[in-house]
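1. Output the structure for:
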Amino acid sequence: MRISDIDLQCEDIMWFAVDTNGNIFECTSAGCGNVPEYVCKSREETDMLLEYFTNTAPKITEAKLLIPTSENDLTKDAIDLASKGIYCYDITDYDNDEIYNCIAIPVEPINVSVLPDEIKQLLSDHVYNGDVSTEASISVEHAY
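-> Next up, the predicted model:
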């Protein structure tokens, strides 16, 4: 099933992609951020990636939180994902919904090449043309 424009307005979508160097990153849309076509085309694929990275992927490194520490789900999720080697981005300026800012980074990032084949296949068209290891913010084209 497709993720609709209405769904994006009502849901805080956590989505995953890979950069041109094979780094895995996650973005949290906050119900207003741009979400690319490759994410919207299949809720099932988006949910499978979410399930793998949040529940199955092992912790492999230390996480470095780049925003003030607070006890909320966003920082907990960012620390958890970064400890699995994933760069984490969030919409922090709600007036500029195409810009995601980096909120947590892994000390040792994971590369897409070491992921299980099924996950590599799902990410094969989830590609961001840039290098998240050096970018404090990224911009993505909206599916709608």
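2. what residue ranges in the chain score low on pLDDT?
-> Along the chain, the model assigns pLDDT under 70 to residues 94-95, 97.
3. So which residue is smack in the middle of it?
-> residue 26 (1.1 Å; C-alpha atoms, centre = their mean).
4. Which strand residues bridge that residue?
-> Counting by DSSP bridges, residue 26 is bridged to residue 16, residue 88.
5. contacting residues for it?
-> Taking C-beta atoms under 8 Å, 6 or more residues apart in numbering as the contact definition, residue 26 lies against 14, 15, 16, 53, 81, 86, 87, 88, 89. Heads up, the C-betas are built off the backbone N, CA and C, glycines and all.
6. which non-adjacent residue is nearest the first one?
-> The one in question is residue 14. Distance criterion C-beta to C-beta, 6 or more residues apart in numbering; nearest residue to residue 14, sequence neighbours excluded, is residue 28 at 5.1 Å.
7. pretty sure that neighbour contacts residue 12?
-> Yes - using C-beta atoms under 8 Å, residue 28 is in contact with residue 12, at 6.2 Å.
8. The two: which has the busier surroundings?
-> Comparing residue 28 with residue 12 by other C-beta atoms under 10 Å, the one with more neighbours is residue 28, at 21 against 15.
9. roughly how far is the top strand by length along the chain from the heart of the chain?
-> The residue-count maximum for a strand in the chain (DSSP state E) belongs to strand 99-106. Centre-to-centre, strand 99-106 and its host chain are 9 Å apart (C-alpha atoms, centre = their mean, to the nearest Å).
10. partner strands of it, parallel or antiparallel?
-> strand 63-65 (antiparallel), strand 87-90 (antiparallel), strand 137-139 (antiparallel).
11. Of these, flag the one that's most buried.
-> strand 87-90 (a mean of 26; mean count of other C-beta atoms under 10 Å).
12. would you put the C-alpha positions of that one in CSV?
-> Extracted as CSV, the C-alpha positions of strand 87-90 are listed here (Å, rounded to 0.1, in the frame of the first residue of the first chain):
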residue,chain,number,x,y,z
TYR,A,87,23.2,8.5,11.0
CYS,A,88,20.0,10.1,12.3
TYR,A,89,18.2,13.2,10.9
ASP,A,90,15.0,15.0,12.0
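13. list the buried ones in the helix or strand hosting residue 78?
-> Element membership of residue 78 [criterion: DSSP states H and E] is helix 73-82. For helix 73-82, burial by neighbour count (16 or more other C-beta atoms under 10 Å) applies to 74, 75, 77, 78, 79, 80, 81, 82.
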